[in-house]
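Trainee: Starting from these lines, generate the structure:
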Amino acid sequence: MQTTNFIVNGITNTGLTLVLAHGAGSQMDSPFMDRVADGIAVHGFRVLRFEFPYMRERRITGKRVRPESLDLLADDWKKVLSELGDPKKLVIGGKHLQNNADRRHLAAFCGW
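Mentor: Numbers count the residues shown, from 1 in each chain. Take a look at the predicted model:
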């Protein structure tokens with residue numbers, strides 16, 4: 001059951017999907033993230049963007065919320081990736097803090 005809200009850019013029947021996380025200070029639909037996702041999608045890739053729970057809370061309340069620990073961010077990543085199926089068809093990326101969570105914790109989850 002999918003519970004994560006995604007913004008999808010690009011074609012849906014491509015071989016690989018880039019799962020892209022926002023930075024600590026910007027939401028998934030920030031102008032920067034829009035430009036990055038659009039710029040990648042025009043080259044034939046599918047890009048999925050999502051928000052971490054702390055950023056969803058910020059969107060709802062309007063109050064700045066501190067990012068979670070890297071361990072909790074990694075758990076959030078694992079949840080998102082588990083909703084998307086075959087990890088061999090996924091490429092992960094992120095801006096700043098989230099990129100650290102990517103590298104530190106996800107290789108084992110994906111069996112790399």
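
Trainee: Grab the most central residue of this protein for me.
Mentor: Of all residues in the chain, the one closest to the mean position by CA atoms, centre = their mean is Ala21, 3.0 Å from it.

Trainee: Hmm, Phe52 and that residue touching each other?
Mentor: Yes: because the distance of 7.1 Å satisfies CB atoms under 8 Å, Ala21 is recorded as touching Phe52. Every residue, glycine included, has its C-beta placed from N, CA and C.

Trainee: thinking again about what came up before, for the residue nearest to the centre of the chain, give the beta-bridge partners.
Mentor: Ala21 has these beta-bridge partners by DSSP bridges: Phe50, Gly94.

Trainee: Using the three-state scheme, assign Thr4.
Mentor: Per DSSP: H, G, I helix; E, B strand; the rest coil, the local secondary structure of Thr4 is coil.

Trainee: And for Ser82?
Mentor: helix.

Trainee: Please report the distance of it from Asp76.
Mentor: Per CB to CB, to the nearest Å, Ser82 is found 11 Å from Asp76.

Trainee: more neighbours, these two?
Mentor: A count of neighbours by other CB atoms under 10 Å puts Asp76 above the other of Ser82 and Asp76, at 20 against 12.

Trainee: That one sits in which helix or strand?
Mentor: helix 70-84 (DSSP states H and E).

Trainee: Equivalent analysis for Val91, please.
Mentor: Taking DSSP H and E as the definition, Val91 sits inside strand 90-94.

Trainee: Now do that strand against helix 70-84, angle only.
Mentor: Here strand 90-94 runs at 150 degrees with respect to helix 70-84, directions being taken by axes from the mean of the first three to the mean of the last three CA atoms, to 10 degrees.

Trainee: So which other helices or strands are in contact with strand 90-94?
Mentor: Using 3 or more CB pairs under 8 Å, 6 or more residues apart in numbering; DSSP states H and E as the contact criterion, the neighbours of strand 90-94 among helices and strands are strand 17-21, helix 70-84, helix 97-110.
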